[in-house]
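> Predicted model follows, preceded by the sequence.
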2 protein chains.
Amino acid sequence: MDCEVLHMPSLKRTADSSLAKKVNTMLVVDCIRKYAPLSRADVARLTMLSASTVSSIVSDLVGAGLVHERKGCPANGGGRCPILLSLNASASFAVIIDVQVPRVLSGIIDLAGNPASIVREPLDLSSPTNTVDQVLRVTAKALARLPRTGGAAAGIGVGIPGIVDVRTGTVAKSTRLRWNNLPLATLLQREFPLPAIVERDVRAAAWGERSYGHGRNVSDFVYLAVGEGGFGAGLVMNGKPYMGARMHAGELGHTTVDIHGEQCSCGNVGCLAALASTSINSLKAGGADDALVEYTAIGLVNLVNLLDPEIIVLGGDIGARPDFVSRVDAIAKQRALLTPGQTLRILPSQLGDMGVALGLAGLVFDKFYWNQASPEISPEGANYQTVSKPRREQARRVGE
Amino acid sequence: MDCEVLHMPSLKRTADSSLAKKVNTMLVVDCIRKYAPLSRADVARLTMLSASTVSSIVSDLVGAGLVHERKGCPANGGGRCPILLSLNASASFAVIIDVQVPRVLSGIIDLAGNPASIVREPLDLSSPTNTVDQVLRVTAKALARLPRTGGAAAGIGVGIPGIVDVRTGTVAKSTRLRWNNLPLATLLQREFPLPAIVERDVRAAAWGERSYGHGRNVSDFVYLAVGEGGFGAGLVMNGKPYMGARMHAGELGHTTVDIHGEQCSCGNVGCLAALASTSINSLKAGGADDALVEYTAIGLVNLVNLLDPEIIVLGGDIGARPDFVSRVDAIAKQRALLTPGQTLRILPSQLGDMGVALGLAGLVFDKFYWNQASPEISPEGANYQTVSKPRREQARRVGE
DNA sequence: CAGGGTTTCTTTACTGTTCGAACTTATTGC
DNA sequence: GCAATAAGTTCGAACAGTAAAGAAACCCTG
């Protein structure tokens, strides 16, 4: 099974409906989003939910105007013709802001992942405060560009290069933006009457790839961004974004690859990032990128041997170039530890510079139409049928 | 919440009870195992299930003889005194075989994790077939030593150093045992009328640590074994063992740490394992282990920066030595990338050479009392209230 | 071309499970 | 004896699963 991302708007019919139904509804919506148009019976097969459950959920969705029905009369060997379902893409929108160092991308993405009125403008790095102001400004502008017809905005999603605590919406540290402990989600929510999420750029891009790109049917993969900022990895494990215990996972750039190397500013020795930075600079000056290809391949092989992902998606300014990918691929295939019959698949990002935006949209729809931390609960493998909502506080006293 | 491992025997009362109840029963049993003695109310708080659900499940468990009740009358500031629950440890047993290169450990472990009649004997490496025969032999002996009183054996669990496909119970490749594509679970099941699981040693040890050791309340950590076999990592992510897409995850030994290093037999360059093997050999000959400490620290920092585990548990012949741990810790603390306030905790294994055995026991109880692949379904965070069982085949036709 | 048989999609009736709220039970403290 | 507190149980509502019925198309035969 591989219906996992979970986009979906309001549906407040049963105000206190159990989380169970919400999760299953997420499953169904995600399935329709991925494979539309399809019949209720198809949804039941894909989600592994029972036909009756699907029927009940779909009728709610149709009633809420989130799903369109359309008669489709194929059937090769007889049988009743299915009623084909597809999402009403304009039932809801996400406002997304992708902050990257040369530019900030802002715009609107609908339920089906269609972008609208995307604007790219240079990022104001004159001071950290100015950068924050710019983010708030482009958010306001994007909100003003919301389509008149269709549903309302589901929320705001912001992608940031740096260490981000998604639970609090705080940017713990972004070297490139010179931000430290910035509670961006709080700032946004103070300004705009919408839920806001803040996510690390590579994790959002990985999630975008999972929702709309190469990762759609892959539950274990790595998104590796190679660009001016060095190396950043977004991990998807068991179908969910993996952040680590302290939101820190994916720092491939600061792993030692040269045991005799020099001390890096991070405290470690012989970091991949330190080695790569010189070749990235020379690349910008028009130099060759052979060294960078090798460094990328090494980082990638280390990832593959340690985590055994099904695929690796290369993204970023440099990473997604097809020739770059194929040269990295050639080296990595030689070096990676593979069991017989196993192949290593390294692919360029399918989403280009919209990857972060699409991932953010997915997170926004997940998070805010269910008021639930989606990545944690995202029902991988469609096995979860019912989910209890967390109640009360932790145990105060255990035992006697 | 941190009730995740899920041990529990028969309870066949409601033959076709939904998987929902099974999962919640697993949760409850696991909670009792970890925190016994505790009251129903404590279980409800810890599992985040409702009091009524816990009540219903516990009454089934008591009826089946798996849980013992005992009056406990503390209560500081008034209130009815709780009925304390604890597992009936001898309600079921797991037969476990831990194959390591100098020795094979076999024995029996009860529901509460108490080992019984553990036997260690030298491993017969005279030929791959002889090793297999020995495994079957010690299994038979362990079965013969089952306690006369109490429940029956739940299943057989075998831990193997090498690449293991847990789904099929096949040892894909073990260099040290010279096994290739050996369907060990099938062999065992042919010989003994019991379900059998085969798992990689480090993953089992990580799971043991999660169930009975340092990982009990930690959902993201790494178990790193350092021994004659080099480096092997068992990853626990989101509270579950992580195996990667092809059961391959955790090969820390074959990650590049010396970009200018020599070619390793694995195809990669400058592998950690290649560097470490000489110092391990010199260590056996009585030499110093400074180099090995540094190599371990490097591997460990790479792991920490990439995966951001909450703790790291060091195991294995060499890895678990307290002085070794403290010296690795000193280097790693300097080099690891930590956000302010974050600390790196590196701990020696709490379970010694019983780690693999205890992890196997947990897996056996999980797997075979529910006929369900426990790691995949293990209800992390206790959020899952109901789970649908996979039904039917995949969709044959999607869309029109 | 009518009508039965087949296939597939969809809905309905019924059962089991969980949750929330109210209720009962048991103990402390005044 | 009575209020306060906490543990445990019971009852009704909501929801998912199974099974069977209903619906809508196709195929074939006469």
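Ah, there it is. Computed from a predicted structure; not experimentally measured. Residues are numbered from 1 along each chain as shown, chains lettered A, B, ... in the order given.

> show me the contacts for the closest residue in space to A:T255 that isn't next to it in sequence.
Nearest residue to A:T255, sequence neighbours excluded (C-beta to C-beta, 6 or more residues apart in numbering or on different chains): B:N302, at 4.1 Å. Every residue, glycine included, has its C-beta placed from N, CA and C. The contact partners of B:N302, taken as C-beta atoms under 8 Å, 6 or more residues apart in numbering or on different chains, are A:255-256, A:302, B:252, B:255, B:257.

> try 7 Å this time
B:N302 makes contact with A:255-256, B:255, according to C-beta atoms under 7 Å, 6 or more residues apart in numbering or on different chains.

> and which of the residues you listed is nearest DNA strand D?
Closest to DNA strand D out of the contacts of B:N302 is B:T255 (41.6 Å), distances taken as C-beta to the nearest atom of the strand.

> quick one: the closest one and B:L272 touch, right?
Yes: counting by C-beta atoms under 7 Å, B:T255 does reach B:L272; the two are 5.8 Å apart.

> which residues touch stretch A:111-122?
Under the contact criterion C-beta under 7 Å, 6+ apart, stretch A:111-122 has outside partners A:7, A:9, A:33, A:87, A:89, A:91-92, A:102-110, A:145, A:147, A:212, A:354, A:357-358, A:361, A:365.

> which of the residues you listed count as buried?
The neighbour-count test (16 or more other C-beta atoms under 10 Å in any protein chain shown) marks A:7, A:9, A:33, A:87, A:89, A:91-92, A:104-110, A:145, A:212, A:354, A:357-358, A:361, A:365 as buried among the contacts of stretch A:111-122.

> Just those residues: which are in helices?
Applying DSSP state H to those, the entries found in helices are A:33, A:212, A:357-358, A:361, A:365.

> Widest-spaced pair of these?
The distance between the two most remote of those (C-beta to C-beta) is 16.3 Å, for A:R33 and A:A357.

> Near the one residue in the stretch 151-300 of chain A that gets nearest to DNA strand D, how many other residues are there?
The stretch 151-300 of chain A approaches DNA strand D most closely through A:G239 (18.2 Å), counting by C-beta to the nearest atom of the strand. By other C-beta atoms under 10 Å in any protein chain shown, the residues close to A:G239 number 22.

> Am I right that it is in contact with A:N217?
No: if you go by C-beta under 7 Å, A:G239 and A:N217 don't touch, sitting 10.3 Å apart.

> where does chain A have its least confident helix or strand?
Lowest by mean pLDDT, DSSP states H and E among the helices and strands of chain A is strand A:384-387, with a mean of 27.

> So which of the contacts of stretch A:111-122 sit within strands?
Those of those mapping onto strands are A:87, A:103-110, per DSSP state E.

> Let me have the residues you listed in CSV, extended by distance to DNA strand D and pLDDT.
Shown next, in CSV, are the ones in strands among the contacts of stretch A:111-122 (distance: C-beta to the nearest atom of the strand, whole Å; pLDDT from 0 to 100):
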residue, distance to DNA strand D, pLDDT
A:L87, 19, 85
A:R103, 43, 94
A:V104, 40, 97
A:L105, 37, 97
A:S106, 36, 97
A:G107, 34, 96
A:I108, 31, 96
A:I109, 27, 94
A:D110, 26, 90
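
> In TSV, list the residues you listed along with distance to DNA strand C.
Putting the ones in strands among the contacts of stretch A:111-122 into TSV (distance: C-beta to the nearest atom of the strand, whole Å) gives the following:
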residue	distance to DNA strand C
A:L87	16
A:R103	45
A:V104	42
A:L105	39
A:S106	39
A:G107	35
A:I108	32
A:I109	28
A:D110	24
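
> Now the two most distant members of those residues.
A:L87 and A:R103 (30.2 Å).

> Could you measure from A:G355 over to A:V202?
Going from A:G355 to A:V202 by C-beta to C-beta, to the nearest Å gives 9 Å.

> what's the answer for A:R45, then?
34 Å.

> what about the two, which has more around it?
A:V202 (30 against 23).

> For the nearest residue to A:R103 once chain neighbours are set aside, give the beta-bridge partners.
Excluding its sequence neighbours, the residue lying closest to A:R103 (C-beta to C-beta, 6+ apart) is A:R120, at 5.1 Å. Beta-bridge partners for A:R120, by DSSP bridges, are A:L105.

> any idea of the pLDDT on A:R120?
On pLDDT, A:R120 comes in at 96.

> okay, now it: neighbour count?
A:R120 - counted by other C-beta under 10 Å - has 15 other residues nearby.

> Count the neighbours of the residue of the stretch 101-250 of chain A found nearest DNA strand C for me.
Here the residue of the stretch 101-250 of chain A nearest DNA strand C is A:A112; by C-beta to the nearest atom of the strand that distance is 20.2 Å. Using other C-beta under 10 Å, A:A112 has 17 neighbouring residues.

> Now do the strands in the stretch 301-400 of chain A.
Using DSSP state E, counting those that start in this stretch, the strands of the stretch 301-400 of chain A run over A:311-315, A:345-348, A:384-387.

> Now do the contacts for A:A36.
A:85-87.

> Adding distance to chain B as columns, could you present those residues in TSV?
Output for the contacts of A:A36, formatted as TSV (distance: C-beta to the nearest C-beta, whole Å):
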residue	distance to chain B
A:L85	10
A:S86	10
A:L87	13
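
> show me the contacts for A:R200.
A:R200 sits in contact with A:160, A:162-164, where contact means C-beta under 7 Å, 6+ apart.

> Then A:A225?
By C-beta under 7 Å, 6+ apart, the neighbours of A:A225 are A:202, A:205, A:232, A:315-316, A:319.

> thinking A:L46 is in contact with A:C31, fair?
Yes: look at A:L46 against A:C31 with C-beta under 7 Å: they come within range, at 5.0 Å.

> Looking at the residue lying closest to A:G362 once chain neighbours are set aside now. What's its pLDDT?
Using C-beta to C-beta, 6+ apart and skipping the chain neighbours, the partner closest in space to A:G362 is A:S211 (4.4 Å). A:S211 carries a pLDDT score of 85 in this model.

> Could you report the neighbour count for A:S211?
Neighbour count of A:S211, defined by other C-beta under 10 Å: 26.

> got it, and A:Q342?
For A:Q342, using other C-beta under 10 Å, the count is 15.

> What score does the nearest residue to it once chain neighbours are set aside have for pLDDT?
Excluding its sequence neighbours, the residue lying closest to A:Q342 (C-beta to C-beta, 6+ apart) is B:R246, at 5.5 Å. Per-residue confidence at B:R246 stands at 87 (pLDDT).

> Good, wrapping up.
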